[in-house]
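Novice: Sequence below, structure please.
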Amino acid sequence: MVWKSASGSWVTLDDDRRILDFASGIGVTNLGHVHPKVTKAVQDQAANVVHAQYSLGFHKPMLDLIEKMLPIVPKDLTSVRPPKYLYVM
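Specialist: Purely as a prediction, here's the structure:
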């Protein structure tokens, strides 16, 4: 099975058959494939920086998200780093 394209919950194969994507991975489960708002956001971000991991520096979208989250996170939260057991040594 060779995928040519996808939209919403549907996948179009290279022979133009359309199938329902019952497995939709973690990246598309909630919004579907090629959601217009997600696609636009990815295109806009990729035009600025593709990979800006938080352990190396900050970027404006991340800082904006932090500002929005501050009122709802527990007041005693002192770290945003994952627990050590999540790292593979």
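Novice: per-domain residue ranges of the protein.
Specialist: 1-34, 36-75 (automatic domain parsing).
Novice: which one of these is the most hemmed in?
Specialist: Neighbour counts (mean count of other C-beta atoms under 10 Å) averaged over each of the domains of the chain peak at domain 1-34, with a mean of 12. (Each C-beta comes from the backbone N, C-alpha and C, glycine too.)
Novice: Can you give me the end-to-end span of that domain?
Specialist: End-to-end span of domain 1-34 (C-alpha to C-alpha, to the nearest Å): 19 Å.
Novice: Tell me how far that domain lies from the chain's centre.
Specialist: Going by C-alpha atoms, centre = their mean, to the nearest Å, the spacing between the C-alpha centre of domain 1-34 and its chain's C-alpha centre is 17 Å.
Novice: which of the domains of the chain has the lowest average pLDDT?
Specialist: If you rank the domains of the chain by mean pLDDT, domain 36-75 sits at the bottom with a mean of 86.
Novice: In this structure, which residue sits furthest out from the middle?
Specialist: Most distant from the centre of the chain: residue 15, at 29.1 Å, with distances by C-alpha atoms, centre = their mean.
Novice: which SS class is the most centrally placed residue in the chain?
Specialist: For the chain, the residue nearest the mean C-alpha position is residue 27 (6.1 Å; C-alpha atoms, centre = their mean). Using DSSP: H, G, I helix; E, B strand; the rest coil, the structure places residue 27 in coil.
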